[in-house]
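Colleague: Just need the structure, nothing else, for what follows:
(chains A and B)
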Amino acid sequence: AQRVTQPEKLLSVFKGAPVELKCNYSYSGSPELFWYVQYSRQRLQLLLRHISRESIKGFTADLNKGETSFHLKKPFAQEEDSAMYYCALSTGGGNKLTFGTGTQLKVEL
Amino acid sequence: EPEVTQTPSHQVTQMGQEVILRCVPISNHLYFYWYRQILGQKVEFLVSFYNNEISEKSEIFDDQFSVERPDGSNFTLKIRSTKLEDSAMYFCASSVNYEQYFGPGTRLTVT
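Modeller: Prediction:
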C-alpha cells in the first residue's frame, strides 16, 4: 500500500527566507507525485506535478527515487505563500490520490 | 477556466437522515472522485468512477454510500443513513491526464 508522510505540521519562516516543505513516500512501483495548495477558505489547487518539472509561483520539487522524497522548495518566501500544502501520490492515470497530512506554511513579515 | 462545482456548500442533517451531495465535474474529464476530510485529519479517498461505474473504493465507502452520474453533467454522492462520524468536508474531483481538479467542498454536519 502507498503512504505519504509530511513530517511537519507547521512551518513558520520569515518573508524572503528559503522554504522547504518535506514529503516522503512509500510505494514499490513508479508513482506520480503532486503538490496541492489550499489557501484559506479556498479549494485544493494543483501546484506541481513531478513529471512536468515546471516551476509554479517560484516553487519547485524534484522527485528523488533513492530517498523516496518529493520536497517542495522556494528560494524566497512571500507573504502570499501562507497556506496549507499537501503532498499526494497516485499510482497511475485515473487512480486515487493518497495524501499526506499537510504542512501549514506561515510566512511572517 | 472551467472549475469543478459542488452544492450545497454546507449541509446540516440529523443522524439517520439521507443526504445527497452534488458535483458538476469539468466537462471533458473522464474520471470522477469523492474524497473527504474530517476536521483536523488528512484528505481521504472514498471512491473513483469511470465509464459509468465504480473503478475503486476505499474501506470507508461501505453500503451506506453510493455514487451516481444521473445525467451527462452531475455526479452525486449519497449517504443513506448518516452517522455523527460522517461529519466532514466532502470534496469532488475530476481528472484528465493524471491531474485531478477539486471542487470547493461541501461541509456536512451531522447532529
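
Colleague: Would you mind listing what in chain A touches chain B?
Modeller: Where chain A comes near chain B, counting by C-beta under 8 Å from any C-beta of the partner chain, the residues are A:32, A:34, A:36, A:42-46, A:49, A:51, A:86, A:90, A:92-102. Quick note: C-beta positions are derived from backbone N, CA and C, even for glycine.

Colleague: List only buried entries from the residues you listed.
Modeller: Among the residues of chain A next to chain B, those scoring as buried are A:32, A:34, A:36, A:43-44, A:46, A:49, A:86, A:90, A:94-102 (criterion: 16 or more other C-beta atoms under 10 Å in any protein chain shown).

Colleague: Chain B against chain A: which residues are in contact?
Modeller: Residues of chain B lying near chain A (C-beta under 8 Å from any C-beta): B:3-4, B:30-31, B:33, B:35, B:41-45, B:48, B:50, B:55-56, B:58, B:91, B:93, B:95, B:97-105.

Colleague: hey, C-alpha coordinates of stretch A:71-87 in CSV?
Modeller: C-alpha atoms of stretch A:71-87 as CSV (Å, rounded to 0.1, in the frame of the first residue of the first chain):
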residue,chain,number,x,y,z
HIS,A,71,10.3,18.0,-1.2
LEU,A,72,8.8,21.4,-2.2
LYS,A,73,11.2,24.3,-2.3
LYS,A,74,11.1,28.0,-2.9
PRO,A,75,14.2,30.3,-2.6
PHE,A,76,12.4,33.3,-1.2
ALA,A,77,9.1,33.0,0.7
GLN,A,78,6.4,35.6,0.1
GLU,A,79,3.6,36.5,2.4
GLU,A,80,1.0,35.2,-0.1
ASP,A,81,2.6,31.7,0.1
SER,A,82,1.0,31.2,3.5
ALA,A,83,-1.3,28.3,3.0
MET,A,84,-1.7,24.6,3.6
TYR,A,85,0.4,22.4,1.4
TYR,A,86,-0.4,18.7,0.7
CYS,A,87,1.8,16.2,-1.0
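
Colleague: buried stuff in it?
Modeller: The neighbour-count check on stretch A:71-87 (16+ other C-beta under 10 Å) flags A:71, A:72, A:74, A:77, A:81, A:82, A:83, A:84, A:85, A:86, A:87 as buried.
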